[in-house]
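1. Provided below are the primary sequence and the corresponding predicted coordinates.
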Amino acid sequence: MSEVKTKGGMAWDARLYNAKHDFVWRFGAGVVELLAPQAGERILDLGCGTGHLTAQIAEAGAVVTGVDRSAAMVAAAREAYPALMFEVADACDLPFAGKFDAVFSNATLHWVHDAEGALRSIWRSLRPGGRFVAEFGGRGNIRAMQEVFDAVLVELGAAREAGEVRPWYYPSVGGYAGLAEKNGFEVRFATLFDRPTPLADGEAGLRNWMTMFCGEYLAKAGEQREEFVRRVETRLRPKLFRDGQWVADYRRLRLVACKEHDAVQR
Ligand code: BEZ
């Protein structure tokens, strides 16, 4: 099984990601439309995962590079799309200067707590006038789910209080747009919207999602991991299980911002 430990202690399993979480890039197709890649453009796909959206961008004739912090994801992307370029890189430390016409990112930046570090790094990677087009979890994303994760950890005695585990960063539109402006971008478009997201695999959907994405919570639950998952399922069922399917309470923040021509990072 392809697996690697990343900085946050999160294990990324590329096979589970491909098998049960294809909604990540299927919904991401709308963000590719917003990017509107043109033939010959140089585009960076930041947080490319297993490379499916990178390949869609390449189909438009763009010259695309995919980067991801997970070596396992990059290995899977290279295997699936050997003609494309993929590299392991951290969002806050991208090894590019003025190279790209656009930086694209889907479902990644909610993992990056150092939002300004990432914005500075994206800014450096773009040519003047280049665009940054992103979608990720925004304020209120998985609110119902996270409240239950927190409550159950406390109930099991695995945490003293809610909020001890904070794997994700979900900014408001105003908060994130402000950070983008502060770091040399002109924000052209920003919105926050509910996007209830059906999880694959019927009854097992939430459990699969937690296995894939909740490494920090599961580690905190320790030997009580199975009991943690069972209690979470019981609590969330009335709200999020409909017609034989779990539906995650996702909210997305979408942003289009341009690197100012005369910008100096402030
Ligand atoms: C999201 O895409 O909103 C998300 C994915 C994994 C964990 C938390 C949120």
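-> Looks like it arrived, so ask away.
2. and the residue in the stretch 1-150 of the chain positioned nearest to the ligand, how far is that from Ala257?
-> For the stretch 1-150 of the chain and the ligand, the shortest gap (CB to the nearest ligand atom) falls at Gly137, measuring 3.4 Å. All C-beta atoms are positioned from the backbone trio N, CA, C, and that covers glycine. Taking CB to CB, to the nearest Å as the measure, Gly137 falls 18 Å from Ala257.
3. also Leu34?
-> 12 Å.
4. contacting residues for the closest residue to the residue of the stretch 1-150 of the chain closest to the ligand other than its chain neighbours?
-> Closest residue in space to Gly137, ignoring its immediate chain neighbours: His110 at 3.7 Å, by CB to CB, 6 or more residues apart in numbering. Taking CB atoms under 8 Å, 6 or more residues apart in numbering as the criterion, His110 is in contact with Phe136, Gly137, Asn141, Trp168, Tyr169, Tyr170.
5. how about 6 Å then?
-> Phe136, Gly137, Trp168, Tyr169, Tyr170 (CB atoms under 6 Å, 6 or more residues apart in numbering).
6. tell me the pLDDT of the spatially closest residue to Ala162 that is not a sequence neighbour.
-> Distances taken as CB to CB, 6+ apart place Asp150 nearest to Ala162, at 3.7 Å, with adjacent residues excluded. On the pLDDT scale, Asp150 is placed at 98.
7. and if you look at Thr108?
-> 97.
8. confirm for me that it is in contact with Gly47.
-> Yes. In this structure Thr108 lies within contact range of Gly47 using CB atoms under 6 Å: 2.6 Å.
9. returning to that earlier point: neighbour-wise, which of Leu34 and Ala257 wins?
-> Set Leu34 next to Ala257 and count neighbours by other CB atoms under 10 Å: Ala257 wins out with 27 against 15.
10. nearest residue to the more buried one other than its sequence neighbours?
-> Phe185 (3.9 Å).
11. tell me the bridge partners for the one you found.
-> For Phe185, the beta-bridge partners are Lys259 (DSSP bridges).
12. what about it, distance to the ligand?
-> 22 Å (CB to the nearest ligand atom, to the nearest Å).
13. residues near that residue, how many?
-> 25.
14. just Leu206 next, same as before
-> Quick note: Leu206 (other CB under 10 Å) scores 23 neighbours.
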